[in-house]
Structure formats: structure tokens, C-alpha cells
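Engineer: sequence and predicted structure below; questions after.
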Amino acid sequence: MFTTFRITASAFYSALFLSLLIACQPAGPGAKQPQDNEPPARLASALPADTQAFDTDYLMGRFDPASHPDFTLVENRYASRAGLYLRKDTYDAFLKMYEAAKKDGITLTILSATRNFDYQKGIWEAKWTGATAIENGKNASEAYPNPTQRALKILEYSSMPGSSRHHWGTDMDLNALNNEHFETGQGLKTYQWLVANAPGFGFCQPYSPKGEARPYGYNEEKWHWSYLPIALPLTQLAREKLKDEMIQGFKGAETAREVGVVEKYVLGINAICL
């Protein structure tokens with residue numbers, strides 16, 4: 001039996017108000033990336049239209065976004081390829097952010113959006129078996145014969161099925177899938193714009209640089225942005241209901257408990273996204 005988690009508009013307003021109390025003034029276009037313990041420059045005031053209901057099936061991506069009533073197809077002109085889906089509320093916020101960025105000479109392109117359990121399973125198992133190489137062209141099954149070490153290596157950038165924020169329809173990858181792209185030239189301008197402006201549309205970078213404030217979890221991903229008005233209650237649901245032993249149904253799932261995938265990876269995010 002799966003548990004349903006509900007968040008009312010009033011409860012969300014309370015959380016939003018507390019966040020706004022600590023929010024600083026909007027940053028300029030050249031703003032640096034906030035540290036993990038710093039608040040976002042500003043938070044969007046958008047609320048879910050009505051009471052949202054989520055269960056652990058939804059949380060773990062056990063549904064088809066193409067047939068889910070809360071999801072919509074991303075238009076090809078905003079994406080690198082056809083067939084991407086987002087939640088309607090996330091997509092609406094992205095479109096507003098896209099237009100604002102365009103006025104500042106920034107083009108945002110969605111490279112990856114919703115990935116359900118089966119999609120994520122394909123990504124994970126391809127890396128687990130060595131069908132898809134990991135960094136430096138390594139075959140993970142040969143380079144890391146120990147299952148836990150292999151899982152930890154893949155977890156540097158890829159989620160176990162059932163534990164990915166991409167299941168939720170709130171998260172997207174933008175413009176490039178490597179940090180180096182965002183460190184010079186137009187990539188740097190894009191990243192600086194996102195840091196300064198994305199919070200105003202409700203978006204947060206969950207995978208900030210790892211360090212004292214964020215010692216666990218995936219490596220930094222400057223391309224990954226999450227829509228907080230929906231991701232916040234889903235993160236809370238994960239904190240309350242998601243357990244390591246629920247992460248199963250794919251090759252290597254037996255390592256989930258040993259690596260502490262829920263506490264260290266699902267919840268091991270930028271503090272300003274919590």
C-alpha cells in the first residue's frame with residue numbers, strides 16, 4: 001500500500017514565507033554562485049493551483065508522463081530533441097524564464113526533462129553493465145568489480161531508478177551536460193544569468209558544489225534546475241516516506257542500503273533547495 005502525501009496551499013505559503021524571510025535582494029547579472037548555506041536571491045511566489053496529492057509511486061517515477069494529466073509535451077523549439085515531458089506548472093514557469101532570458105541574450109534549451117523509472121533504469125543499467133562508458137571511457141563493470149564501488153562511481157552523476165528528481169517532472173537539464181561549458185564564454189553568461197534570475201521563477205540548482213555544507217550526493221551539476229513549488233513537497237515526501245529498501249527492481253539495487261541512497265543522494269542537495 002502506497003502512502004499519499006498532501007500539501008495544502010496554506011502549508012506551502014507558510015514554507016514560502018519562511019524562505020522569503022531569509023531571502024536576500026536580487027543579484028546582478030554577474031553574481032557568483034551562492035554557497036550551499038546561502039539563501040537564493042529571490043523565490044517565485046507561484047503556488048500550485050490547488051491542493052497537490054502525491055504518492056510514493058509518483059515520487060519513484062512509476063508512471064508514464066505521456067499519459068499523466070499533470071504533464072505536457074515540451075515544444076521542439078525549446079528542447080534539443082522531441083519527446084520530452086514536464087509537469088504543466090513547471091513548463092509554464094520555464095516558458096516565462098525562457099522569455100526573460102531571451103531578452104537578455106540568453107537562450108535556454110532543455111536537454112533532458114522527465115525520466116520515469118523505466119527510463120532511468122535503462123540509463124543506470126547501461127552504465128552498470130558497461131554498455132555505456134562512464135568517465136574517461138571506462139567500462140564500470142570491469143573498472144569497478146566491487147558492486148558498492150561501482151554504484152558510488154555511477155552515482156557521481158546518475159541516479160538509481162526510483163530515486164531521481166527527474167522522475168518528478170520538476171527538474172530539467174539545460175544547455176550542456178558538463179560544468180566546463182558554463183565556466184567560459186556564453187556558457188558562463190548563461191550560468192550567471194540563471195544564478196541571478198532563476199530563483200525569481202521558482203527554480204533552484206539542487207546539485208551545488210560539494211563541500212562542508214553539502215558533503216554527500218551527486219557531484220556539482222550547473223545544468224540541473226528544479227522547480228521548487230512542486231519539488232519542495234516532493235522532497236518532504238521523500239524525507240518522510242522513501243526508504244533505501246524501496247529502491248529495487250534493477251541491476252545493482254542491492255547496494256542502495258549500503259550507500260544510503262535516500263539520505264545521501266535524494267536528500268543530499270543544496271540547502272537552499274530544501
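Structural biologist: Sure thing, it's come through. Numbering: from 1, shown residues only.

Engineer: lowest confidence element among the helices and strands of this protein?
Structural biologist: helix 9-22 (a mean of 39; mean pLDDT, DSSP states H and E).

Engineer: and the helix or strand following it, what does it pack against?
Structural biologist: Toward the C-terminus, helix 9-22 is succeeded by strand 52-55 as the next helix or strand (DSSP states H and E). Judged by 3 or more Cβ pairs under 8 Å, 6 or more residues apart in numbering; DSSP states H and E, the packing partners of strand 52-55 are strand 4-7, helix 228-241. C-beta coordinates here come from the backbone N, C-alpha and C atoms, glycine included.

Engineer: for these, give me JSON lines that also has mean pLDDT, mean neighbour count and distance to Tyr157.
Structural biologist: Output for the helices and strands packed on strand 52-55, formatted as JSON lines (pLDDT from 0 to 100; neighbours: other Cβ atoms under 10 Å; distance: least, Cβ to Cβ, whole Å):
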{"stretch": "strand 4-7", "mean pLDDT": "44", "mean neighbour count": "16", "distance to Tyr157": "28"}
{"stretch": "helix 228-241", "mean pLDDT": "96", "mean neighbour count": "21", "distance to Tyr157": "19"}
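
Engineer: of the ones you listed, which is nearest Leu84?
Structural biologist: helix 228-241 (17.0 Å; Cβ to Cβ).

Engineer: chain center to whatever helix or strand comes next after the closest one: distance?
Structural biologist: Where DSSP H and E defines the elements, the next helix or strand beyond helix 228-241 is helix 256-259. Mean-position distance between helix 256-259 and its chain equals 21 Å (Cα atoms, centre = their mean, to the nearest Å).

Engineer: pull out the buried positions in helix 256-259.
Structural biologist: 256, 259 (16 or more other Cβ atoms under 10 Å).

Engineer: next one: stretch 129-146
Structural biologist: Those would be 130, 132, 134, 140-141, 143-144, for stretch 129-146 by 16+ other Cβ under 10 Å.

Engineer: lowest-confidence one in those?
Structural biologist: Of all the buried residues of stretch 129-146, Ile134 carries the smallest pLDDT score, 93.

Engineer: could you find the closest non-adjacent residue to it?
Structural biologist: Ala140 (5.1 Å; Cβ to Cβ, 6 or more residues apart in numbering).

Engineer: just Ala176 next, same as before
Structural biologist: Nearest to Ala176 is Trp223, by Cβ to Cβ, 6+ apart, at 5.9 Å.

Engineer: hmm, Leu177 and that neighbour touching each other?
Structural biologist: Yes. Contact criterion Cβ atoms under 8 Å: Trp223 and Leu177 qualify, at 5.8 Å.

Engineer: between the two, which one's more packed in?
Structural biologist: Between Trp223 and Leu177, Trp223 has the larger neighbour count (other Cβ atoms under 10 Å), namely 23 against 14.

Engineer: who touches the residue nearest to Lys264 when sequence neighbours are not counted in this structure?
Structural biologist: Excluding its sequence neighbours, the residue lying closest to Lys264 (Cβ to Cβ, 6+ apart) is Tyr216, at 3.8 Å. Neighbouring residues of Tyr216 by Cβ atoms under 8 Å, 6 or more residues apart in numbering: 210, 260, 263-265, 268.

Engineer: which SS class is Tyr216?
Structural biologist: Assigned with DSSP: H, G, I helix; E, B strand; the rest coil, Tyr216 falls in the coil class.

Engineer: ok, Met172 next?
Structural biologist: strand.
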